[in-house]
Every structure is written in structure tokens, then in C-alpha cells.
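Asks: Please work out how this folds:
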Amino acid sequence: MSPIPTEVVAKTGLAVPGSSAVEYKKESAAARFLGAVGCAGIAELMVFHPVDTTAKRLMSNQTRITSAAQLSAVVFKDKAAAPIGTRFFSLFPGLGYAAAYKILQRVYKYGGQPFARDYLAKHHGDTFDRTFGKGNGKAIMHATAGSLIGIGEIVILPLDVLKIKRQTNPEAFRGRGIFRIIADEGFGLYRGWGWTAARNAPGSFALFGGSAAAKQYLYKLSDYNKATWSQNFVASIAGATASLVVSAPLDVIKTRIQNKNFEAKESGFRIVSNMAKTEGFGSFFKGLTPKLLMTGPKLVFSFWLAQTLIPAFSKVI
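Replies: Residues are numbered from 1 along each chain as shown. Sure thing, here's the model as predicted:
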């Protein structure tokens, strides 16, 4: 009896072309770590943090914006009438929390997905092939690995919560420092974890799946690590766009849960009901346009850099 694809990989270290049972553990842990950290640098934060603040404030706004003056008040809050320089720097609240969150998130998400993918390839690669067919199975396996990692991202949720509150509701801090807040709030910092997991699962599935699909069907690559920087860039655009659109409604709900005062107890389902009743269906996609036009490039930039740097580091480490 000839060995099944997974056994071939395990015994020979060679990939079966087009198979989900790809050669696993291609990159070292150090390469994955350095590649993921490289995309979470100071440049990304300095360029894109104001964009993230703008999107979060638009998602948090519960009124209809009908004029430029109203838009300015929502985005710049009490600095709406200040000089342009002051308005710009008012978009940097929570930068310290953002730095800690983004670095950990990038290391965990972009560096962790290959480990989840390795596990699925080693133990279930042939199952993906049988179920979805070669090529289809590999793209879906990459997406599934991303989804599993996305769900686990709730571990670092408190940093995201603190960042969002700084961006949209600084009054919630009331002069307290981070250690005082942690002592006072405890597991309250995980409020909205269920909605976060619900957002991350399809969002990360679409991010890694969209990228894998572009490499599989657009560029006909059997080894995704051999993608050129331009192919990685296009694949990142596909994955980032799919991720933002798919996760948009749940992201709005998650943001509204997390931007409230710490003592607020409004549930996600109550928020959904109120949004549908008073703001209409379109409210579930608030902030999507700036996210696609401005936050989208941030995700493209970081994901493209990670996909490019991880294989590059693996060649020299």
C-alpha cells in the first residue's frame, strides 16, 4: 500500500504538489518571530494610529452625521475648533497601549498562524484534500489556521480595550493609571470577549484565506512561501479587504461594548437591538469606508511585510 500524502511528508520532508499536506515547519520560530515583529514597528503605529482613532470614533458615534462640522466634532471631539496641528495630535490617544497591543498581536497572529497551519498540515492535511480537493483544501487549511489563531487573540483583549477607551472615551480612566485600572476592573477588562472572538474567527479566516486563495488561483503557486514581494502585496490586499468587510458588523458591536465606562453593563445583544431600531442596518457598517481606505492599507502593509519577511528571515537564520 502506498503511503498517503501526510505520511509522504512526514517520511521524506517533501510536499505533494497542490496538496494540503505541505512540508511543515519550513520557517524557524525565530524567523516567524522576527518577521512578525518587523511588521509591528514604529512606522506602522505613527502612520496608521490616527486612522485607527478616526475609525473607532466613527464606529462609536450614535448620531447621523449631516455636515462637515458634525464630522469634525465626532473625529476631533473637543479639539474640533483647534488649529490643524492640535487636531492632528489629538488623534494619538492610547499610543502606548496601541504599541503594546500591536506588537503582541502581530507576533501572536502572524507568527502563530504558521504553527497552527503546521499542525493542520501534519495531522489533517489529507482530510482537507479529500474534503475540498487539492488546492482548495490548502487554501481553506490556511484560512482555518488563521481563524483558530484569531479566536485565541482574546488573550490580549485588555490592551485593546484600554486602547479603544483612550481613543473614544478617555473620561473612563478618571485619572487612574494602568495598574490601578487592572486592580479595580480585573476580568472586567475582558468585557466583550465573546463578540471579539466572533469577529476574529471569520475576520482571520478571510484574511489568511483571501491571501491563500490569491496565491493559489491567481498566481498558481504550490508553495506560498515562494511568492514574490509583489505577489504577497496583491495577496495581502485580497485578504485584508475580505477580512474588513466580513468582520465589519461585529467590529462595530465590539467597539461599542469596549468604549463605554467600566461600570457600564449594556450587553452586545442590547446594542444590536438599539442599533437596528434607532440607526438602521447601515449602522453595522459605520466606519467601514475609512477602514477600507485607510485602515485597510495598514493591514495590507503589516500582512504583506510579515509574509515577505518571515520566509526571508528563514533563509538567513
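
Asks: count of residues packed around the residue nearest to Lys298 when sequence neighbours are not counted?
Replies: Using Cβ to Cβ, 6 or more residues apart in numbering and skipping residues adjacent in sequence, the residue nearest Lys298 is Phe48, 3.8 Å away. (Each C-beta comes from the backbone N, C-alpha and C, glycine too.) Neighbours of Phe48 under the rule other Cβ atoms under 10 Å: 19.

Asks: residues touching Lys162, list them.
Replies: I think there's a mix-up here, since residue 162 is Leu and not Lys. Listed by Cβ atoms under 8 Å, 6 or more residues apart in numbering, the contact set of Leu162 reads Gly94, Tyr97, Ile178, Ile181, Leu189.

Asks: just the helices in this structure please.
Replies: 5-12, 29-38, 42-60, 68-76, 84-89, 95-132, 136-152, 157-168, 178-185, 193-213, 229-258, 268-274, 288-290, 296-316 (DSSP state H).

Asks: out of those helices, which comes closest to Ser222?
Replies: helix 136-152 (8.5 Å; Cβ to Cβ).

Asks: which residues are contacting that closest one?
Replies: Contacts of helix 136-152 (Cβ under 8 Å, 6+ apart): 18-20, 22, 108-109, 112-114, 116-117, 119-121, 124-125, 128-132, 197, 200-213, 216-217, 224.

Asks: now with 7 Å?
Replies: Applying Cβ atoms under 7 Å, 6 or more residues apart in numbering, the contact partners of helix 136-152 are 19-20, 22, 109, 112-113, 116-117, 120-121, 125, 128-129, 131-132, 197, 200-201, 203-205, 207-209, 212-213, 216.

Asks: Report the buried members of these.
Replies: 19-20, 22, 109, 112-113, 116-117, 120-121, 125, 128-129, 197, 200-201, 203-205, 207-209, 212-213, 216 (16 or more other Cβ atoms under 10 Å).

Asks: Quick check: chain neighbours aside, which residue is closest to Arg64?
Replies: Glu279 is the one closest to Arg64 (Cβ to Cβ, 6+ apart), at 7.8 Å.

Asks: What's the local residue count around the one you found?
Replies: Other residues close to Glu279 by other Cβ under 10 Å number 16.

Asks: distance of the closest residue to Phe205 other than its chain neighbours from Glu153?
Replies: Spatial nearest neighbour of Phe205, chain neighbours left out: Ser147 (3.9 Å); criterion: Cβ to Cβ, 6+ apart. Separation of Ser147 from Glu153 (Cβ to Cβ, to the nearest Å) stands at 11 Å.

Asks: Repeat that for Phe132.
Replies: Counting by Cβ to Cβ, the gap from Phe132 to Glu153 is 25 Å.

Asks: ditto for Glu279
Replies: Taking Cβ to Cβ, one finds Glu279 at 28 Å from Glu153.

Asks: for Val316, same thing?
Replies: Distance from Val316 to Glu153, by Cβ to Cβ: 29 Å.

Asks: repeat for Ala248
Replies: Taking Cβ to Cβ, one finds Ala248 at 17 Å from Glu153.
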